[in-house]
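Engineer: this one's sequence-less:
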């Protein structure tokens, strides 16, 4: 992993993740542990990387800890821009099911409820993928809001046409075509993640560029995968099948699915929250 540099007042507590644009690591201040995100050295002076961090900070400040980490500090130092947030609990969704999960339908309900909270605050996440969804029992936290959009904000900058950033395996068709993230594209991403989680089957054949991007933009999710999802989650699978629609307008909202889950799975959800 890239050599880590903590902001003033913090000490390095250990690495978490290194990607092309950013490195994420734990930092400590006294007895408290937080998460620090910085551009990699290659992109430390890149204005685009700084803009992504600013977008993430704006999204998290708007969410104020609801289904997301809380901003602790942000700034710029000789090593470049940085963002410090609270350390979110839980483990990422896993393709064979989240660690410790015994009820796939409850997992679906909890994830969509968290996404509905994010959307209610006026934030579209932009990259709903298993590594960005942390689960601890009934508590779900979304992380990595660098690609977030604010659909109600007409002044928000849209991505350059054809410029894809995100996780192609779970990306909505319109994202693969270079369009801006919306609530509907988040719902597709959540459904694609949950298909993978509850069935163990990836939603697409390719996860690499450019083949995966072409598949995501031009091909619907295979009917056999949708049927496997409906068998694995009889109550909510049909709702996720609708969420995987190619046309954004045909997808239910996260709040619609979460609300239906409350009706269909009320006792099970209450039991998972009290466990």
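Structural biologist: In hand now; what should we look at? Since this is a predicted model, take the numbers as computed values, not measurements.

Engineer: contacts for stretch 67-86?
Structural biologist: Contact partners of stretch 67-86, identified using CB atoms under 8 Å, 6 or more residues apart in numbering, comprise 5, 7-8, 10, 27, 34-39, 44-45, 49-50, 53-54, 56-57, 59-61, 64-65, 87-88, 114-115, 117-118, 140-143, 145. Glycine gets a C-beta too; all of them are placed from N, C-alpha and C.

Engineer: same thing with stretch 25-36?
Structural biologist: Applying CB under 8 Å, 6+ apart, the contact partners of stretch 25-36 are 1, 4, 6-7, 9-16, 24, 69, 72, 82-88.

Engineer: tell me which of the contacts of stretch 67-86 fall in strands.
Structural biologist: 27, 34, 35, 36, 37, 38, 39, 140, 141, 142 (DSSP state E).

Engineer: wait, doesn't the last one sit right on residue 125?
Structural biologist: Yes: using CB atoms under 8 Å, residue 142 makes contact with residue 125 at a distance of 5.8 Å.

Engineer: if I look at these two, which residues touch both of them?
Structural biologist: 115, 118, 132.

Engineer: what is the burial count for the last one?
Structural biologist: Summarising burial for residue 132: neighbours were counted as other CB atoms under 10 Å, giving 23.

Engineer: that one: what's it in contact with?
Structural biologist: For residue 132, the contact set (CB under 8 Å, 6+ apart) comprises 92, 125, 142, 143, 144.

Engineer: quick revisit: neighbour count and distance to residue 251 added to the ones in strands among the contacts of stretch 67-86, as a markdown table?
Structural biologist: Shown next, in a markdown table, are the ones in strands among the contacts of stretch 67-86 (neighbours: other CB atoms under 10 Å; distance: CB to CB, whole Å):
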| residue | neighbour count | distance to residue 251 |
| --- | --- | --- |
| 27 | 24 | 38 |
| 34 | 21 | 35 |
| 35 | 20 | 31 |
| 36 | 23 | 35 |
| 37 | 24 | 30 |
| 38 | 26 | 35 |
| 39 | 22 | 33 |
| 140 | 23 | 19 |
| 141 | 19 | 23 |
| 142 | 27 | 18 |
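
Engineer: if we can go back for a sec, please pick the buried ones from the contacts of stretch 25-36.
Structural biologist: Buried members of the contacts of stretch 25-36, counted by 16 or more other CB atoms under 10 Å: 4, 6-7, 10, 13, 24, 69, 72, 82-86, 88.

Engineer: show me which of those is closest to residue 207.
Structural biologist: Using CB to CB, residue 24 is the member of the buried ones among the contacts of stretch 25-36 that lies nearest residue 207, at 20.6 Å.

Engineer: element containing the closest one?
Structural biologist: strand 22-29 (DSSP states H and E).

Engineer: average pLDDT across that strand?
Structural biologist: For strand 22-29, mean pLDDT is 97.

Engineer: direction included, what does it pair against?
Structural biologist: Strand pairing for strand 22-29, using DSSP bridges, gives strand 11-18 (antiparallel), strand 32-39 (antiparallel).

Engineer: then residue 184 would be within a helix, right?
Structural biologist: Yes: counting by DSSP: H, G, I helix; E, B strand; the rest coil, residue 184 is part of a helix.

Engineer: that one against residue 254, yeah?
Structural biologist: No: using CB under 8 Å, residue 184 makes no contact with residue 254, being 9.5 Å away.

Engineer: and those two? Which one has more around it.
Structural biologist: The residue with more neighbours, out of residue 184 and residue 254, is residue 254; 26 against 23, by other CB under 10 Å.

Engineer: residues in contact with the more buried one?
Structural biologist: Counting by CB under 8 Å, 6+ apart, the residues that residue 254 touches are 112, 113, 115, 116, 118, 119, 183, 186, 187, 190.

Engineer: before we move on, what about residue 142?
Structural biologist: 67, 68, 114, 115, 118, 125, 128, 132, 133, 134.

Engineer: got those residues as a markdown table, with distance to residue 203 columns?
Structural biologist: Supplementary listing: these in a markdown table, determined by distance: CB to CB, whole Å:
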| residue | distance to residue 203 |
| --- | --- |
| 67 | 23 |
| 68 | 24 |
| 114 | 20 |
| 115 | 17 |
| 118 | 21 |
| 125 | 17 |
| 128 | 12 |
| 132 | 16 |
| 133 | 15 |
| 134 | 20 |
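
Engineer: highest neighbour count among those?
Structural biologist: Neighbour max across the contacts of residue 142 (other CB under 10 Å) = residue 128, 32 neighbours.
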